[in-house]
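>>> whatever this is, show me its structure:
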Amino acid sequence: MKPWTLGLNDIGKSYFGVQVLKGISLQLASGRTLGLVGENGAGKSTLMNILGGNTPADVGSMTINEQPYRPSNPRDAEDLGIAFIHQELNLFSNLSIAENLFLTSFPCKLGWIDRQTMIARSVSFLKQVGLNLSPKLRVENLSAGERQLVEIAKALRQDAKLIILDEPTTSLSSRESDKLFELLGILKSRGIAMIYISHVLRDVQRVCDEVAVLRDGSLIGSGPIYEFGESRLVSMMVGRDLDNQFPPRKTSIGPDKQLEAMHLSSPGAIYDISFDLHVGEVLGIAGLMGSGRTELARILFGLDSAASGTLKFSGREITNLSTSQRIVQGMAMLTESRREDGLCMPASIDDNIGLVVVPKYASKRMGVVRQKPLSLAIKTIRDAVRLTSSADGQKCVQTLSGGNQQKVVLAKWLLNSPKLLILDEPTRGIDVGAKFEVYRLIGELAESGAAILVISSEIEELIGICDRILVMSRGEIKDELTHGEFDRERILRSAMHTELVQEDVL
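You can find the predicted model right below:
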């Protein structure tokens, strides 16, 4: 591959009079990987949207191979070899994998789409990212992690000179992330340049040659990655030292069982699952993608049904209750995908926060919502979760950073005073400062007597906030660890139990 260079010179951008980028200048060459880090709202996505042709810069200039680069749309960027893998995946769920890979340039024969060629080439690209799936499979049938890998395969199909990866490992297990890093190393050796955006700083240090730190739209510092330790990166990102990653909390586990799962099974998802969750306890569930963690959470919340087994909540059987009935009983669930399942993106912040509790504030006779007390309650919970000061209640929720969107979802459920809160990847794609706030809210809710169930792919996160951890593999609970037994290696070995046994046999 011929040498390739990118230059960003004094890039500036404002929205509605608010300056979100302030004179950003960066350089990148072929075969190099630049880590771009900063809190949510620091300007990373805006800068990449300018580079990817999604929005124009107000001031400044860009060059590719020392020639002016002025993309007017994403196709211009793609034609010049820039592939953008967004954090919120840009796939059509109703189309097949192959159709998504070739959406902008279908192979044709005699004026018709050459599906045989498309399928054959799709198999090749899927193999490169470690996916052994039929290209004819619809994207709606894929897990979040599989969709992420399809996005990466789509970038490879474009023969990109520069690949921008925005939080590429948020849906991947540690094993899958390792495979991704191996792939990125191969691409780098081919001369492909990459911009790697991530809040997982250890991954940035592992993958990148250089790093650039943004804060409040300004470039705080940049240079070779070996000059930036994790603590230095964190302090530069947040503007202060963050001594403890996890806030201290008082363990206040009560004797009463808030949730009792007894021999729950659902073919193809979970098998003979039994566990208890006590009042005031934070229980973690670890496991690889496909281990059955999310499937279990959906069954607990009534989104899916169990084929057999019994579920009790506050001592009462709820096995056959609907999701809405479980919400009334005091259950809540923050789903893995906040944009698809947790928020109404075109609606305002306050409308999203009030979604669950509107019936409580409606008059019994006429059904008219008592707006004043509802607005007061929403403002109180908005302050409690510490939404950014710029997050006016009438502001559209889709304008918020990922961390603040997650706080809105939490506020929605906290306003209903849940007795049980199920959190599926609660800090996925949010920065270290926002993570700390989410951990604080979890601790405060547990101290108030709620039971918390946390599903996370980050073992350190579970170790830092949980009282007990269950480890799942292939739909079964393989291990249970109390606080004094927490050990990263033991959790990993339990999570990969089946795979390890197979490898030993081979």
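>>> low pLDDT regions in the stretch 101-250 of the chain?
Residue ranges of the stretch 101-250 of the chain with pLDDT under 70: 144, 170-174, 240-244.
>>> ranges for the strands of it?
108-109, 112-113, 162-166, 193-197, 210-215, 218-224 (DSSP state E, counting those that start in this stretch).
>>> list the neighbouring strands of the third one plus their orientation.
Spelled out, that is strand 162-166. strand 82-85 (parallel), strand 193-197 (parallel) (DSSP bridges).
>>> before we move on, what about the fifth one?
For strand 210-215, the pairing partners within the sheet under DSSP bridges are strand 33-37 (parallel), strand 218-224 (antiparallel).
>>> most packed of these?
strand 33-37 (a mean of 25; mean count of other Cβ atoms under 10 Å). For the C-beta atoms, the positions are set from N, CA and C on the backbone; glycine is no exception.
>>> hmm, residue 147 is touching residue 139, no?
Yes - counting by Cβ atoms under 8 Å, residue 147 touches residue 139, with 6.3 Å between them.
>>> what do the two both touch?
Residues touching both residue 147 and residue 139 by Cβ atoms under 8 Å, 6 or more residues apart in numbering: residue 91.
>>> for the strands paired with strand 210-215, which one sits closest to residue 269?
strand 33-37 (36.4 Å; Cβ to Cβ).
>>> and the helix or strand that that closest one is followed by, what's buried?
Next along the chain after strand 33-37, taking DSSP states H and E as the criterion, comes helix 44-51. By 16 or more other Cβ atoms under 10 Å, the buried positions in helix 44-51 come out as 44-51.
>>> same question for stretch 321-338.
321, 326-327, 330-338.
>>> now stretch 226-242
228, 233-238.
>>> quick one: distance of it to the chain centre.
Stretch 226-242 has its C-alpha centroid displaced from the chain centroid by 22 Å (Cα atoms, centre = their mean, to the nearest Å).
>>> contacts for that stretch next, please.
37-39, 42, 201-202, 204-205, 211, 213, 215, 220-221, 431-433, 436.
>>> need the buried ones from those selected in ChimeraX.
The ChimeraX command for the buried members of the contacts of stretch 226-242 (criterion: 16+ other Cβ under 10 Å) is given here:
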select :37,38,39,42,201,204,205,211,213,215,220,431,432,433,436
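>>> ok so, going back, can you lay out the buried residues of stretch 226-242 as CSV showing distance to residue 495?
Converted to CSV, the buried residues of stretch 226-242 look like this (distance: Cβ to Cβ, whole Å):
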residue, distance to residue 495
228, 31
233, 28
234, 27
235, 32
236, 33
237, 30
238, 31
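>>> what ranges do the helices span in the stretch 301-450 of the chain?
Ranges of helices in the stretch 301-450 of the chain, per DSSP state H, counting those that start in this stretch, are 323-329, 349-353, 371-384, 402-414, 432-447.
>>> show me the one of the ones you listed that comes nearest residue 252.
That would be, of these and by Cβ to Cβ, helix 432-447, which comes in at 5.4 Å.
>>> what's in contact with the closest one?
Applying Cβ under 8 Å, 6+ apart, the contact partners of helix 432-447 are 39-40, 199, 201, 234, 237-238, 242, 245-247, 249-250, 252, 280-282, 384-386, 401-404, 406-407, 410, 414, 418, 421, 423, 426-427, 430, 452, 454, 461, 464-465.
>>> so which residue is smack in the middle of the protein?
residue 428 (3.2 Å; Cα atoms, centre = their mean).
>>> of all the strands paired with strand 210-215, which one is nearest residue 165?
Nearest to residue 165 among these is strand 33-37 (9.2 Å), distances taken as Cβ to Cβ.
>>> for that closest one, what is the distance to the chain centroid?
Counting by Cα atoms, centre = their mean, strand 33-37 comes out at 18 Å from the chain centroid.
>>> likewise stretch 354-373?
On Cα atoms, centre = their mean, the centre of stretch 354-373 falls 33 Å from the chain's centre.
>>> ditto for stretch 301-308
Distance of stretch 301-308 from its chain centroid, counting by Cα atoms, centre = their mean, is 24 Å.
>>> for residue 36, which residues make a bridge with it?
residue 197, residue 212.
>>> list the contacts for it?
44, 47-48, 195-197, 211-212, 214 are the contacts of residue 36 under Cβ under 8 Å, 6+ apart.
>>> what about it, distance to residue 336?
24 Å (Cβ to Cβ, to the nearest Å).
>>> same deal with residue 16?
Taken as Cβ to Cβ, the span from residue 16 to residue 336 is 31 Å.
>>> one step back: would you mind giving the helices of the stretch 301-450 of the chain as JSON lines with distance to residue 63 and mean pLDDT added?
Formatted as JSON lines, the helices of the stretch 301-450 of the chain follow (distance: least, Cβ to Cβ, whole Å; pLDDT from 0 to 100):
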{"stretch": "helix 323-329", "distance to residue 63": "53", "mean pLDDT": "92"}
{"stretch": "helix 349-353", "distance to residue 63": "39", "mean pLDDT": "87"}
{"stretch": "helix 371-384", "distance to residue 63": "44", "mean pLDDT": "83"}
{"stretch": "helix 402-414", "distance to residue 63": "30", "mean pLDDT": "83"}
{"stretch": "helix 432-447", "distance to residue 63": "33", "mean pLDDT": "85"}
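>>> packed most tightly, which of these would that be?
helix 402-414 (a mean of 24).
>>> any idea how far that helix is from the middle of the chain?
Helix 402-414 sits 13 Å away from the centroid of its parent chain (Cα atoms, centre = their mean).
>>> which strands or helices does it pack on?
strand 331-334, helix 349-353, helix 371-384, helix 432-447 (3 or more Cβ pairs under 8 Å, 6 or more residues apart in numbering; DSSP states H and E).
>>> how much does that helix deviate in direction from helix 44-51?
Here the directions of helix 402-414 and helix 44-51 differ by 130 degrees (axes from the mean of the first three to the mean of the last three Cα atoms, to 10 degrees).
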